[in-house]
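A.B. asks: structure for the following, please:
(2 chains)
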Amino acid sequence: GEDVEQSLFLSVREGDSSVINCTYTDSSSTYLYWYKQEPGAGLQLLTYIFSNMDMKQDQRLTVLLNKKDKHLSLRIADTQTGDSAIYFCAETHTGGFKTIFGAGTRLFVKA
Amino acid sequence: KAGVTQTPRYLIKTRGQQVTLSCSPISGHRSVSWYQQTPGQGLQFLFEYFSETQRNKGNFPGRFSGRQFSNSRSEMNVSTLELGDSALYLCASQKGQGGTEAFFGQGTRLTVV
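C.D. replies: Here you go, the predicted model:
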């Protein structure tokens, strides 16, 4: 079946690193994404990783993929108050024609 | 280039009415997906259209329907509205086949009273 699970809340102090975790069930997933949603806005793609990769780094963002455990994580270095938002993990596979989203992790950044 | 445009941004309807929401994808994108976002259920997939054909459908009742036009613009319709249909409806635009980056619109916030 298709399912993507995330923890619902994460609270960190400004300047610390945040790690948001996600597990998925579809072993045929080809693309795995992290989206950010700020209040009143749509979803913004932060980064994505192909299933044949195990790590991707983009400035303050690091994505780690463990295919064996079907576990995806997003690390935000030097977290800022502007990073406070809901972060969605999502997966899709070629030919599936739909993207499955997790419930979202609400990140609180304390000054 | 222009992003994904959803209209209207906000809508208030009463129970039993019907509503039509519109989505204009990014120019050149042929795939449009619709999602319902509620606090309790998160983001739920409604359906996906590509070149005017519905390729996949989520687990929603038949009151939810959609279509796509030859210019790739898409509409979704909800008939006989219920209070539980109150949600943010998001549209996502992709170039083509599933598995490519999806760009989202700002959404239409529907409130059913």
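A.B. asks: spell out which residues of chain B are next to chain A.
C.D. replies: Contact residues (Cβ under 8 Å from any Cβ of the partner chain) of chain B with chain A: B:4, B:31, B:33, B:35, B:42-43, B:45, B:48, B:50, B:55-56, B:58, B:90, B:92, B:97-107. Where you see a C-beta, it was placed from the backbone N, CA and C, and this is true even at glycine.
A.B. asks: just checking: what are the partner strands of the lowest-mean-pLDDT helix or strand in chain B?
C.D. replies: When the helices and strands of chain B are scored by mean pLDDT, DSSP states H and E, strand B:103-104 comes last with a mean of 88. Applying DSSP bridges, strand B:103-104 is found paired with strand B:87-94 (antiparallel).
A.B. asks: the partner strand: how far from the chain's middle?
C.D. replies: Distance, stretch centre to chain centre, for strand B:87-94: 5 Å (Cα atoms, centre = their mean, to the nearest Å).
A.B. asks: excluding its backbone neighbours, what's nearest the residue nearest the centre of chain B?
C.D. replies: Centrality entry for chain B: nearest residue to the mean C-alpha point is B:Trp34, 3.3 Å, by Cα atoms, centre = their mean. Using Cβ to Cβ, 6 or more residues apart in numbering or on different chains and skipping the chain neighbours, the partner closest in space to B:Trp34 is B:Leu46 (4.1 Å).
A.B. asks: and B:Gly58, by the same measure?
C.D. replies: That would be B:Phe45: by Cβ to Cβ, 6+ apart, it lies 4.1 Å from B:Gly58.
A.B. asks: how about that neighbour, what does it touch?
C.D. replies: A:Lys98, A:Thr99, A:Ile100, A:Phe101, B:Ser33, B:Trp34, B:Tyr35, B:Asn56, B:Gly58 (Cβ atoms under 8 Å, 6 or more residues apart in numbering or on different chains).
A.B. asks: in PyMOL, select just the buried ones from those.
C.D. replies: To isolate the buried members of these in PyMOL, using 16 or more other Cβ atoms under 10 Å in any protein chain shown:
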select buried, (chain A and resi 98+99+100+101) or (chain B and resi 33+34+35+58)
